[in-house]
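> Following is a predicted model, sequence given first.
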Amino acid sequence: MPPEHGDMQVRAGAETDLTALTDLYNHYIRETAITFDTAPFSPAQRRPWLLSHPKDGPHRLLVAQGGDGGLLGYATSSAFRPKGAYATSVETTVYCAPDAAGRGVGTLLYTALFAALADEDVHRAYAGITQPNEASGRLHARFGFRPIGTFTEVGRKFGRYWDVAWYQKDLR
């Protein structure tokens, strides 16, 4: 049975979610430095990303939806780097709909994601958090991530440079 919390439910992402997932991600592209993508995507452009996250295995896409079926957010575990020796490491991320902030969506998604990864051959999870982002830092700390370093002024967006703090979670 999928994880639930109040009027929220978590399930594997599906192709029918593509437009809503793209719209949510595009909000963060246009409005924030949380992602370093600078140009919005069309659903067709975003489709390969969606397909790179099957329903099983170490690279997952989980979505949270409300009682009305609307997308509240999503979490992913993705390949950390493309070289073979990195196969047991994943990069995780959570994006919540702007109107869903503070409702426990990120916690529900990460709870489900790490439960799904428990039976996978994954040794470490990493998360890069653009600074400042206290809410994301708190969420990751709650799930056992610890800071391991900061890339200073690693990305330029909105006419300024941004730092990215890297966090690590030991899974095995």
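Received the coordinates, thanks. Numbers count the residues shown, from 1 in each chain.
> mind listing what residue 58 touches?
For residue 58, the residues meeting the contact criterion (C-beta atoms under 8 Å, 6 or more residues apart in numbering) are 77, 87-88, 90, 117, 120-122. Backbone N, C-alpha and C define where each C-beta goes, glycine included.
> And the helices in the protein, which stretches?
In the chain, the segments counted as helices under DSSP state H are 18-31, 43-51, 105-117, 134-142.
> rewinding a little: select, from the contacts of residue 58, the two members most distant in space.
Farthest-apart pair in these is 87 and 117; separation 13.4 Å (C-beta to C-beta).
> between those two, who's got more neighbours?
Higher neighbour count among residue 87 and residue 117: residue 117, with 20 against 15, using other C-beta atoms under 10 Å.
> quick one: the more buried one and residue 60 touch, right?
Yes. With contact defined as C-beta atoms under 8 Å, residue 117 reaches residue 60; the gap is 7.2 Å.
> Common neighbours of the two, please.
When contacts are counted by C-beta under 8 Å, 6+ apart, residue 117 and residue 60 are jointly contacted by residue 77.
> which parts of stretch 116-135 are buried?
Residues of stretch 116-135 classed as buried under the neighbour-count rule (16 or more other C-beta atoms under 10 Å) are 116-117, 120, 122, 125-130, 133.
> Among these, which are located in strands?
In strands, defined here by DSSP state E, the members of the buried residues of stretch 116-135 are 125-130.
> Quick one, which of the helices of the chain gets closest to residue 94.
Set against residue 94 and scored by C-beta to C-beta, those come closest in helix 105-117, at 4.7 Å.
> how about residue 43, what does it touch?
18-19, 22.
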